[in-house]
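Novice: Okay, here's the prediction I keep looking at, along with the sequence it came from:
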Amino acid sequence: MEPEAYWFFQVLHASFCVLIFTFTILSLFSLSFCLLRPKLWCNCEICRAYLSSSWSKQFENLCDWYTHLLKNSPGKTIHIHVLGNTITANPDNVEYMLKTNFDNFPKGKPFSTILGDFLGRGIFNVDGDSWRFQKKMACLELGKHSIRSYAFEIINCEIINRLIPLLSSVATGKEQRVLDLQDVFRRFSFDSICRFSFGLDPRCLELSLPMSKFATAFDLASKLSAERAMTASPLLWKIKRVLNLGSEKQLKKAVKIINILAKEVIRQRRKMGFLTHNDLLSRFMCTVNDETYLRDIVISFLLAGRDTVASGLTSLFWLLAKHPNVGSAIRQEADRVIGQNQELTSFEQMKELQYLQAAVYESMRLYPPIQFDSKFCQEDDTLPDGSFLKRGTRVTYHPYAMGRMEEIWGPDCLEFKPERWLRNGVFSPENPFKYPVFQAGFRVCLGKEMALVELKSVALSLVRRFQVELVAPHRTPRFSPGLTATFSGGLPVLVRERESQS
Ligand code: HEM
C-alpha cells in the first residue's frame, strides 16, 4: 500500500476508535443515569417549590425552609421526591439510622464517589472494614491523655502567639478597622489542625503572609468536591472529569498540589524519625506503611477538623455579640474559677468551666457546623415513625432543624439560653440523638474533645480581652452552599480592647 494511503487508514482507524470509545462511555453514563436517577419531575407542593426555588421568597436559607417543613410535619419527616431524599428531624429515626440499624445506612457509593478524588480512602469517606480499621486506630490514639494535652498546648500557643496579637493590633490601631472574624477563624483552625495532624505550621494566621499554597489548594478541592454534590445529576461532573474540563480540571490540579505537598510532609517526617513526635501522622506511621493510605487518613482529619471548628467559632461570636449578658456570665465564671487576670493553665482546669461549656453547646444547637448529614439506605427499610424507605434512598438527618424543634427543646427553642444545659450549675448533656451535632452512635465525631477545647479556649481568651461588635447587627446569617455552614459575606466586626481584662 502507498505510504499516503496507509497513513490515511491509520488516522481513520484511530478516529473511529476514539468515536466508539466516546460513544460507549456516554451510553454507559446515560444507561446508569436512567437506571439510578431520582424522579425528574414531581407535582407535589414541596417538589414544585424546590424546583422553582419559590421557597426563597419566604426563607433566606434552604435549611430554614426545611426546618419550616419539618416543624409542620406530624412525624417530623419529609420527602423531596425529585432528590430521592428523605429528611428527618425525629430523634427516634436518627437513633435508628445511626445506631439500631446502622449497617443498613452506610455513607454509600454516591457520597464516596463525590469525595473520592479528594479524600481517597480516608476515614471520612469509607464504610465497612476500612472504616472499622481506621476508627480503631484513631480511637486508640485520640483517646490517649497525651494527645489531649498536645492539642491543648498547640491551641493555646496559637491563641497567645498569633490570635491575640492579631486582634490587639486591630483593636489598638489608629483607625477603626473592620475584621472578617470568619476568615480569621478559618486561618486559626487550619494552622491548629495542620500542627495537630502533621506537626507542620502553615502560618496562615499571620495575615501579612499569603495563605499557604496548601491551604488554598485544600479550600479549592473541598469547595469543588461539594459542588459536585449540587449538580442536577452526577453524570454532568463525571463527563466533565472524563473530558478534563472546567471545575473538574481545577479539582484535578488542586488535588495534585495537595498530593505533592502531603507526600513531601510524609517523606520529611520519615526522615526526621516519627517515633519521637506527637502529631497524628507520626502516630499513624507506626502502624501504616502505605504512603497513599497515610495521605488519605490525614487529609480526612484535616477536612473534618478545620471548617467545622471555624464554623462553630463564627456562629458562637455572632451570638455572643448579640447577647452581651452571655459574655458577662462567661467572664464572671472565669474570674471565679481561674482568678481575675489569671490565665487558664491546663486542660483539667478548663473542665471546671461549666457555663462556658453550656454556651458552646447552646450555640451549636442553633447553628450546627454540619447542618445536615446524609446516608444511603442499603435495603428496603421502615423508620420508627412509619416512613418507608426504598433501597437506594438518600436519608438525611438535620441537626439544624432539630435544634429548632419545640418538641425537643420546649417553647423557648429559638432563644439562645446556655442555662438550659445546666442542672444546679453543672453542665448536663442531652441525649445525642436529639442533639446529633457531632453525629451520634457508631460514627460519632472522633475529634469532639479537641473541637470543644478549641472552641472554649478561643471563646474564653477573646471574651475576656476584647469587645466584639457586629458591623451589620440586624443582618441574620445567610449561608453559602457547601459541606460546612459558612456565613456568606463572612463575619465583619469591629474589635476593641476591654478596659479591665476580666
Ligand atoms: C465543632 C467541631 C466539629 C463538629 C461539629 C464535628 C462534627 C462531626 C460530624 C457531624 C461527623 C460525622 C460526619 C459524617 O460521618 O458524615 C464527624 C466525623 C468526624 N470528625 Fe468531627 N466535628 C468537629 C471537629 C472535629 C475535629 C477537630 C476533628 C479532628 C481532630 C474531627 C474528626 C472527625 C473524624 C475523624 C470523623 C469521622 C468519624 C467516623 O467516620 O467514624 N472532628 N464530625
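Specialist: Alright, I've got the coordinates. On a predicted model such as this, the values are computed, not experimentally measured, just so you know. Numbering: from 1, shown residues only.
Novice: ranges for the helices of the stretch 51-200 of the chain?
Specialist: Ranges of helices within the stretch 51-200 of the chain are 62-72, 91-95, 108-119, 128-142, 145-158, 164-172, 181-198, based on DSSP state H, counting those that start in this stretch.
Novice: and the stretch 1-150 of the chain, which of its residues are near the ligand?
Specialist: Counting by Cβ under 6 Å from any ligand atom, the residues of the stretch 1-150 of the chain close to the ligand are 123-124, 135, 138. C-betas here are computed from N, CA, C, even on glycine.
Novice: repeat for the stretch 201-350 of the chain
Specialist: Counting by Cβ under 6 Å from any ligand atom, the stretch 201-350 of the chain sits next to the ligand at 301, 304-305, 308-309, 312.
Novice: Check what pLDDT I80 gets.
Specialist: Note for I80: predicted pLDDT of 93.
Novice: picking that back up, just the ones in helices from the residues of the stretch 201-350 of the chain next to the ligand, please.
Specialist: 301, 304-305, 308-309, 312 (DSSP state H).
Novice: so which residue of the stretch 401-502 of the chain comes closest to the ligand?
Specialist: Closest contact between the stretch 401-502 of the chain and the ligand, by Cβ to the nearest ligand atom, is at G447 (1.9 Å).
Novice: who's in contact with that residue?
Specialist: By Cβ atoms under 8 Å, 6 or more residues apart in numbering, the contact set of G447 is 142, 301, 304-305.
Novice: and which of the residues you listed is nearest D103?
Specialist: Sorting the contacts of G447 by how near they are to D103, with Cβ to Cβ, puts A304 at the top with 22.2 Å.
Novice: tell me which element the residue lying closest to T67 once chain neighbours are set aside falls in.
Specialist: Counting by Cβ to Cβ, 6 or more residues apart in numbering, A401 is the residue found nearest to T67 once chain neighbours are left out, at 4.1 Å. Using DSSP states H and E, A401 sits within helix 399-402.
Novice: coming back round to it: now render the ones in helices among the residues of the stretch 201-350 of the chain next to the ligand as a markdown table, adding pLDDT.
Specialist: As requested, those are exported to a markdown table (pLDDT from 0 to 100):
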| residue | pLDDT |
| --- | --- |
| F301 | 86 |
| A304 | 88 |
| G305 | 87 |
| T308 | 96 |
| V309 | 97 |
| G312 | 98 |
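Novice: which among those residues gets closest to Q58?
Specialist: Distance to Q58 across those (Cβ to Cβ) is lowest for G312, with 27.8 Å.
Novice: which stretches of the stretch 101-250 of the chain have low pLDDT?
Specialist: Filtered on pLDDT under 70, the stretch 101-250 of the chain yields the residue ranges 207-211, 232.
Novice: contacting residues around the closest residue to R283 other than its chain neighbours?
Specialist: Ranked by Cβ to Cβ, 6+ apart and with sequence neighbours excluded, the top spatial neighbour of R283 is E141, at 4.7 Å. Contact analysis of E141 by Cβ under 8 Å, 6+ apart lists 147, 280, 283-284.
Novice: Quick check: the two most widely separated of those residues?
Specialist: The two members of these with the most space between them (Cβ to Cβ) are I147 and F284, at 12.0 Å.
Novice: about what we covered before: gap between the residue nearest to R283 and the ligand?
Specialist: Relative to the ligand, E141 is positioned 10 Å away (Cβ to the nearest ligand atom, to the nearest Å).
Novice: residues in contact with I370?
Specialist: By Cβ under 8 Å, 6+ apart, I370 lies in contact with 308, 399, 437, 439, 483-485.
Novice: Ramachandran angles for it?
Specialist: Note on I370: backbone dihedrals following degrees, to the nearest 10 are phi -110, psi 110.
Novice: From T484, how far out is it?
Specialist: 6 Å (Cβ to Cβ, to the nearest Å).
Novice: hey, what's in contact with both of the two?
Specialist: The contact sets of I370 and T484 overlap at T308 (Cβ under 8 Å, 6+ apart).
Novice: Read off the pLDDT value for P411.
Specialist: Here the pLDDT value assigned to P411 is 98.
Novice: And F9, by the same measure?
Specialist: With respect to pLDDT, F9 scores 53.
Novice: For stretch 468-478, buried residues please.
Specialist: With burial defined by 16 or more other Cβ atoms under 10 Å, the residues of stretch 468-478 counted as buried are 468, 470, 477.
Novice: can you redo those as JSON lines with secondary structure, pLDDT and distance to the ligand?
Specialist: Converted to JSON lines, those look like this (DSSP: H, G, I helix; E, B strand; the rest coil; pLDDT from 0 to 100; distance: Cβ to the nearest ligand atom, whole Å):
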{"residue": "V468", "secondary structure": "strand", "pLDDT": "97", "distance to the ligand": "19"}
{"residue": "L470", "secondary structure": "strand", "pLDDT": "97", "distance to the ligand": "21"}
{"residue": "P477", "secondary structure": "coil", "pLDDT": "95", "distance to the ligand": "16"}
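Novice: Just the closest of those residues to S130, please.
Specialist: Distances from S130 to the buried residues of stretch 468-478, taken by Cβ to Cβ, are shortest for P477, at 36.4 Å.
Novice: Distance of the closest one relative to T308?
Specialist: 16 Å.
Novice: hang on, the earlier thing: need the residues of the stretch 201-350 of the chain next to the ligand in TSV (columns: neighbour count).
Specialist: Formatted as TSV, those follow (neighbours: other Cβ atoms under 10 Å):
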residue	neighbour count
F301	25
A304	22
G305	25
T308	26
V309	28
G312	28
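Novice: Which one of these is nearest to S197?
Specialist: F301 (5.0 Å).
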